[in-house]
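1. predicted structure and sequence below. I'll ask about it afterward.
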Amino acid sequence: MMTDGRTMVLGLMGDPVEHTLSPLIHNTFSETDGINAVYEAFHVKRGDTGNAVKGGFSLGIQGFNVTVPHKEDVIPYLSDIDPAAKKIGAVNTLVRTEKGYKGYNTDYLGIMRQIRECGFNIENEDVVMIGAGGAANACFAALISLGVSKVYILNRSVEKAVEKFGRKEKAVILPLDGFSDIPGEGLFCLQCTSVGLSPDIDRAPVSDGSFYRKIDRAIDIIYNPAETLFMKKVRERGGRAENGLHMLLYQAVISYGLFTGHEPGEEAVKNAERALYEKTYT
Ligand code: ATR
């Protein structure tokens, strides 16, 4: 990739960033679509968020993705914030404006897009979400935006879930083993804990097999391994389950559109998907 004086510079700020797949995705978009842009990973330590934002602006950087531990800390340093990101309380995309960076949350849009593309129509349904950690904010916002009627939130620590979601109108909070209080069957479940992530592949957030009788469609936000134990349990009961690789891809598609004013084309998205599969599963 050749850069010159006109190259648009994009990047990720996070800690750690060693294993990020974002440069692979964004640089594949630029290469395929012939956009003069480059995307780098910047290692920014906790507490240094403000300096990184100010420095990035002075250096003319067009946009950033923001990951752990900066998604909330970055908010005071923005010149503007998208209302949805404000409501979620977390930002993963910064787009340069004249005065500073405007913050967006494309994580929740990526989750919505994946749920839709899977053909899972969850409007007016009661759904299950497992987890109340960092990823849960965007997951919950996506479910609400898709028009679900109720979200049963299962979490190991009930207090943490109550603190975060207790005041949300459609949330019902239960401990992990409290799933028998969820009425009905054939439910959609969004798994947003870190349980089952490689190398810890022999664990699922809920181990009791009777839970999986209630679930017939599921998405695990984990994408490594390709099939988590959670997904395997759903599939063994005859349900459909997908991993979170497409969420990662779609949030990047939406961020790239905001950075450049140009959503990557179909071929660019396919190339990035292929590159992601190769890097992650071969
Ligand atoms: P984050 O930085 O996103 O908060 P985390 O601490 O790994 O990351 O937690 C993410 C989610 O995974 C949380 O819902 C967490 O449950 P708690 O709120 O009770 O901490 C859940 N989680 C992590 N490890 C777990 C485990 N061993 N069993 C069950 N849930 C777990």
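-> Thanks, I have the structure now.

2. now residue 172, what's its secondary structure?
-> Secondary structure, DSSP: H, G, I helix; E, B strand; the rest coil: residue 172 is strand.

3. in this structure, what residue comes closest to the ligand?
-> residue 133 (2.4 Å; Cβ to the nearest ligand atom). Any C-beta I mention is one placed from the backbone N, CA and C, and that applies to glycine too.

4. any chance you could list what contacts the strand or helix carrying residue 11?
-> Per DSSP states H and E, residue 11 falls inside strand 8-14. Identification of contacts with strand 8-14 by Cβ atoms under 8 Å, 6 or more residues apart in numbering yields 20, 22-23, 26, 35-44, 49, 52, 56, 59-70, 259-260.

5. who in the stretch 1-150 of the chain is up against the ligand?
-> Counting by Cβ under 6 Å from any ligand atom, the residues of the stretch 1-150 of the chain close to the ligand are 131, 132, 133, 134, 135.

6. most neighbours among the residues you listed, please name it.
-> Neighbour tally across those (other Cβ atoms under 10 Å): the maximum, 27 neighbours, falls on residue 132.

7. wait, it sits on residue 164?
-> Yes - using Cβ atoms under 8 Å, residue 132 is in contact with residue 164, at 5.3 Å.

8. now the end-to-end length of stretch 255-269.
-> 13 Å (Cα to Cα, to the nearest Å).

9. pLDDT of it, averaged?
-> The pLDDT scores in stretch 255-269 average 98.

10. related to what we said a few turns ago, go through the helix or strand just after the strand holding residue 11 and flag the buried ones.
-> Sequence order places helix 22-33 as the next helix or strand after strand 8-14, per DSSP H and E. By neighbour count on 16 or more other Cβ atoms under 10 Å, the buried set for helix 22-33 is 22, 23, 24, 25, 26, 27, 28, 29, 30, 32, 33.

11. okay, these in JSON lines with pLDDT and distance to residue 100 next?
-> Converted to JSON lines, the buried residues of helix 22-33 look like this (pLDDT from 0 to 100; distance: Cβ to Cβ, whole Å):
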{"residue": "22", "pLDDT": "98", "distance to residue 100": "22"}
{"residue": "23", "pLDDT": "98", "distance to residue 100": "24"}
{"residue": "24", "pLDDT": "98", "distance to residue 100": "28"}
{"residue": "25", "pLDDT": "98", "distance to residue 100": "25"}
{"residue": "26", "pLDDT": "98", "distance to residue 100": "22"}
{"residue": "27", "pLDDT": "98", "distance to residue 100": "25"}
{"residue": "28", "pLDDT": "98", "distance to residue 100": "29"}
{"residue": "29", "pLDDT": "98", "distance to residue 100": "25"}
{"residue": "30", "pLDDT": "98", "distance to residue 100": "24"}
{"residue": "32", "pLDDT": "98", "distance to residue 100": "30"}
{"residue": "33", "pLDDT": "98", "distance to residue 100": "27"}
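
12. reformat those residues as TSV; add distance to residue 110.
-> Putting the buried residues of helix 22-33 into TSV (distance: Cβ to Cβ, whole Å) gives the following:
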residue	distance to residue 110
22	12
23	17
24	16
25	11
26	14
27	18
28	16
29	14
30	19
32	19
33	19
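
13. for residue 84, state which of the residues you listed is nearest.
-> Checking those against residue 84 by Cβ to Cβ gives residue 22 as the nearest, at 20.7 Å.

14. and for the residue nearest to residue 251 when sequence neighbours are not counted, the neighbour number?
-> Nearest non-adjacent residue to residue 251, counting by Cβ to Cβ, 6 or more residues apart in numbering: residue 110, 3.1 Å away. By other Cβ under 10 Å, the residues close to residue 110 number 24.

15. now residue 110: which helix or strand?
-> Going by DSSP H and E, residue 110 is part of helix 107-117.
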